[in-house]
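Peer 1: Sequence and predicted model, in that order:
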Amino acid sequence: MEIVAFLSDITSHLNDLNMKLQGKNNTVCNLTSAVCAFQKKLELFKCDLQQDLLHFPKLLNQTAGTHRHHNHAEFLDKLIKNFQTRFGDFPLGKQVLLCMENPFLVKNIAEFSTEALKICPWASAASLQSELIELQENLALQESLCDPTTFWTKMVPAADVPSLQKVALQILTMFPSTYCCESAFSTMNMVKNKYRSTLSNEHLHQCLRLALTPFMPKFKELVAQKRCHFSH
């Protein structure tokens, strides 16, 4: 039962990570931060196995904290290496992530440009460095309180920092997960059920656009364009 308790605890932590990786408004920056944080948690979990089992309540309840769990530590070692293998080559560096979240906190501008060129090789390091400095000195933007997507798409003047904004938009529009695809596929299964076997592909496409669009119709304007015929 000890191994079952351990697997239950570690699976619970993995499920927490999985929940953070889902959602419509998550950017690749959010998901990268979540994965990096979990990798550090794995190191913490490994140390905790030899101490108070603070992060393994079911295992603590099962063993009463009386045993050293070397076999479980080996399992965590393999899990740590697995995460390093899967995410070790991901090009988003710390300075790029920091710039996407809050460009005014970036101190090492040269390192930022180096990391940005790994993602956007078409960009110019000199332009990125100059534009970031100009952006950091913009007092109006320093006072803006909004999320990163709104900041880079609506607040930052594209004419002043064209290369920097283009890099930001390329990063923020990356597909970080298959959540949207899976959600759309589930919606399609609900729309095209066994009771609608004659539904054409064109009508299915239109139904999916209505079901998946984030835009809310302006019902008052649509109604105002119609006229009632009281003679009928």
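Peer 2: Cool, got the structure.

Peer 1: Have a look at this protein and report its longest helix.
Peer 2: helix 28-48 (DSSP state H).

Peer 1: In that helix, which residues are buried?
Peer 2: 28-32, 34-36, 38, 42, 45-46, 48 (16 or more other C-beta atoms under 10 Å). Backbone N, C-alpha and C define where each C-beta goes, glycine included.

Peer 1: Need the contact partners of it.
Peer 2: 10, 13, 17, 20-21, 54-56, 73, 76-77, 79-80, 83-84, 87, 90, 92, 97, 100-101, 148, 171-172, 174-177 (C-beta atoms under 8 Å, 6 or more residues apart in numbering).

Peer 1: ok so, going back, just give me the closest of the buried residues of helix 28-48 to Leu135.
Peer 2: Closest to Leu135 out of the buried residues of helix 28-48 is Cys29 (17.2 Å), distances taken as C-beta to C-beta.

Peer 1: Show the model's pLDDT score for the nearest residue to Phe90 once chain neighbours are set aside.
Peer 2: Spatial nearest neighbour of Phe90, chain neighbours left out: Thr32 (6.8 Å); criterion: C-beta to C-beta, 6 or more residues apart in numbering. Each residue has a pLDDT score; the one for Thr32 is 86.

Peer 1: repeat for Asp48
Peer 2: Predicted confidence (pLDDT) for Asp48: 88.

Peer 1: for Trp122, same thing?
Peer 2: Looking at Trp122, its pLDDT is 91.

Peer 1: residue ranges with poor pLDDT in this protein?
Peer 2: By pLDDT under 70, the low-scoring segments of the chain are 65-70, 91, 228-232.

Peer 1: Residue ranges of each domain in it, please.
Peer 2: Under the assignment automatic domain parsing, the domains of the chain span 2-87, 94-172, 192-224.

Peer 1: what would those domains look like in a markdown table with distance to Ser186?
Peer 2: Output for these, formatted as a markdown table (distance: least, C-beta to C-beta, whole Å):
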| stretch | distance to Ser186 |
| --- | --- |
| domain 2-87 | 13 |
| domain 94-172 | 25 |
| domain 192-224 | 10 |
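
Peer 1: In three-state terms, label Ala73 for me.
Peer 2: helix (DSSP: H, G, I helix; E, B strand; the rest coil).

Peer 1: Could you give the number of residues near it?
Peer 2: 14 (other C-beta atoms under 10 Å).

Peer 1: For Leu49, see how far away it is.
Peer 2: For Ala73, the distance to Leu49 equals 5 Å [C-beta to C-beta, to the nearest Å].

Peer 1: Much appreciated, bye for now.
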